[in-house]
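# Quick one, what's the 3D model for this:
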Amino acid sequence: MKKMASVLIGTILMSGCSMSSTWDNQIPKDEFLVVAHRGASTYEPENTLPAFKLAENLDADYIELDIQLTKDGELVVMHDKDVKRTTESEGKIQQATVAELKQLTADEKKGGEKADHTLPEEAYKVPTLKEVIDAVGERVHFIIELKNTKEYIGIEAKLVEFLEEHALIGPDQNGLPKVIVHSFNKRALKQIHKLHPDIPLLQLISFDEGEEAKVDEKEVQDIQRYAKGIGVTYEALTPAFVNTMHGENLAVFAYTVNDETAALRLQAMGVNGIHTDQPDLLKEDE
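Reported below is the predicted structural model:
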C-alpha cells in the first residue's frame, strides 16, 4: 500500500477532512490503495497479460479489469463488448467462442522503457479471467468490473461461482479483500450481493465536467444496502464529500488518475484509493 508524507497532505488533513472514527467496512480505512486500471495500461495494451504482469511488478495493490461472457459461457477480460477497438478484428464477444477470441491479439503495442519488447505476439492474446488469476493472483488482488449485464444473462452467478471456486472471496492475511466488484449497473451489483453478501462491492458514479460530487441521502441509504463504497470521477471529488461518505461508512475510490499532483491531492482528502493507468505514478519516500 502506498503511503507518503507530504506538506499538501498534512495541510488538508489538518483542515478537518478525516475519516469517521467508526469504520465497519471490509475495505481497510487507513490504507491508500493504488489500483492499476486495466493493468499498467499506459505501458502495455490494456487488459492483456503483459499489462497485468507489469502492474504486479510495479507494486500495484489491485488490478482493475473488465469481464465479458463468450458464446460458450467463458469469462474473458476485455473492456468493450466488441473487439474492434483493441484488436485487429471486429465483432461482439457474446457471438464468439473462447477459441475464436484466442485467434486475436491486441493491435496496439505500446512503447516506453517499462514495456517488455521481447514478448511474442502470443502474449497479447485475449485472456480469460482464469488465465489472469493464474498469472498474477498470488500477489495482486483484483477489482472486477461488470459490464453489459443485460446482454450477458447469468454473468453475475457465473462470476460468483468462479470466485468461490478460486477461493477469492474474503480478506488476505493483511485484511484486504482479495476481490472487489464494481459497476455502474446497480441491478448487477444488487444481484451479486444477493448471491454472496461477503463480496465487497463499489457503486460507480460519474459526474460531468465541472460538477461537484453529490449524492442525496436517499441514494446513500440505497447504496449502503448492498455496497461498501463508491467509485467516483476524480475531478468531482471534494474533501467535504469524501468526509461525508466516510461518515456514512462508505469507502471512496477515484478514477482515472494519471497526474501526480491530483493523486497527492486525493490522498490528502482521504480517498481509499485511486485508479490509474500508471501504477508507478506515486513512489514510496526513500
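# Residue 169 touches residue 195, doesn't it?
No - with contact defined as C-beta atoms under 8 Å, residue 169 does not reach residue 195; the gap is 10.8 Å. Where C-beta positions appear, they are placed from N, C-alpha and C, glycine not excepted.
# hang on, residue 67 is in a helix, isn't it?
No - Residue 67 is assigned strand when assessed by DSSP: H, G, I helix; E, B strand; the rest coil, not a helix.
# what about stretch 208-224, start to end distance?
24 Å (C-alpha to C-alpha, to the nearest Å).
# same question but for stretch 64-74, I mixed them up
19 Å.
# same deal with stretch 123-132?
12 Å.
# now do stretch 197-205
21 Å.
# gap between it and the chain center?
11 Å (C-alpha atoms, centre = their mean, to the nearest Å).
# With stretch 102-109 instead?
22 Å.
# Can you tell me what sits against that stretch?
Stretch 102-109 has contacts (C-beta atoms under 8 Å, 6 or more residues apart in numbering) with 45-46, 48, 83, 86-89, 115, 121-122, 124-126.
# List buried residues within the residues you listed.
45-46, 48, 83, 86-87, 115, 124-126 (16 or more other C-beta atoms under 10 Å).
# From these, which one has the minimum pLDDT?
Summarising pLDDT for the buried ones among the contacts of stretch 102-109: the lowest-scoring member is residue 115, with 86.
# Please work out how many residues are found near the residue nearest to it when sequence neighbours are not counted.
Spatial nearest neighbour of residue 115, chain neighbours left out: residue 43 (4.9 Å); criterion: C-beta to C-beta, 6 or more residues apart in numbering. Under the neighbour criterion other C-beta atoms under 10 Å, residue 43 is assigned a count of 22.
# again, but for residue 205
Once other C-beta under 10 Å is used to define contacts, residue 205 is seen to have 16 neighbours.
# what are the phi and psi angles of it?
The phi/psi pair for residue 205 (degrees, to the nearest 10) reads phi -140, psi 130.
# Look up which residues are beta-bridged to it.
residue 232 (DSSP bridges).
# quick one: contacts for it?
184, 213, 215, 230-233.
# and if you look at residue 255?
37, 204, 231-234, 274-275.
# Leaving out chain neighbours, which residue sits closest to the one residue sitting closest to the centre of the chain?
Per C-alpha atoms, centre = their mean, the C-alpha nearest to the average position across the chain is that of residue 64, at 3.3 Å. What sits nearest to residue 64 in space, not counting adjacent residues and going by C-beta to C-beta, 6+ apart, is residue 143, at 4.4 Å.
# three-state assignment of the one you found?
Per three-state DSSP, residue 143 ends up strand.
# For it, the count of nearby residues, please.
So residue 143, with other C-beta under 10 Å, has 24 neighbours.
# now do the one 4 residues further on
By the measure other C-beta under 10 Å, the count of residues near residue 147 is 18.
# now swap in the one 4 residues further on and tell me
Neighbouring residues of residue 151 were enumerated by other C-beta under 10 Å; the total is 13.
# measure it to residue 172 for me?
33 Å (C-beta to C-beta, to the nearest Å).
# got a list of contacts for stretch 187-203?
With C-beta under 8 Å, 6+ apart as the criterion, stretch 187-203 contacts 26-27, 143, 146, 149, 155-157, 159-160, 163-164, 169-170, 177, 179-184, 186, 223, 225-231, 251, 253.
# just the buried members of the residues you listed?
26-27, 143, 146, 149, 155-156, 159-160, 163, 177, 179-183, 223, 226-231, 251, 253.
# Now the two most distant members of the buried ones among the contacts of stretch 102-109.
The distance between the two most remote of the buried ones among the contacts of stretch 102-109 (C-beta to C-beta) is 21.7 Å, for 83 and 115.
# rewinding a little: with distance to residue 94 added, can I get the buried ones among the contacts of stretch 102-109 in TSV?
Below are the buried ones among the contacts of stretch 102-109 laid out as TSV (distance: C-beta to C-beta, whole Å):
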residue	distance to residue 94
45	22
46	20
48	20
83	11
86	16
87	15
115	31
124	22
125	19
126	14
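# Of those, which is the nearest to residue 132?
residue 48 (9.4 Å).
# That closest one: what's it in contact with?
With C-beta under 8 Å, 6+ apart, residue 48 has these contacts: 39, 106, 123-124, 127.
# how does it look with 10 Å?
38-41, 54, 77-78, 86, 105-106, 108-109, 119, 123-127, 132 (C-beta atoms under 10 Å, 6 or more residues apart in numbering).
# Could you do residue 57 as well?
40, 114, 116, 136, 139-140, 279-280.
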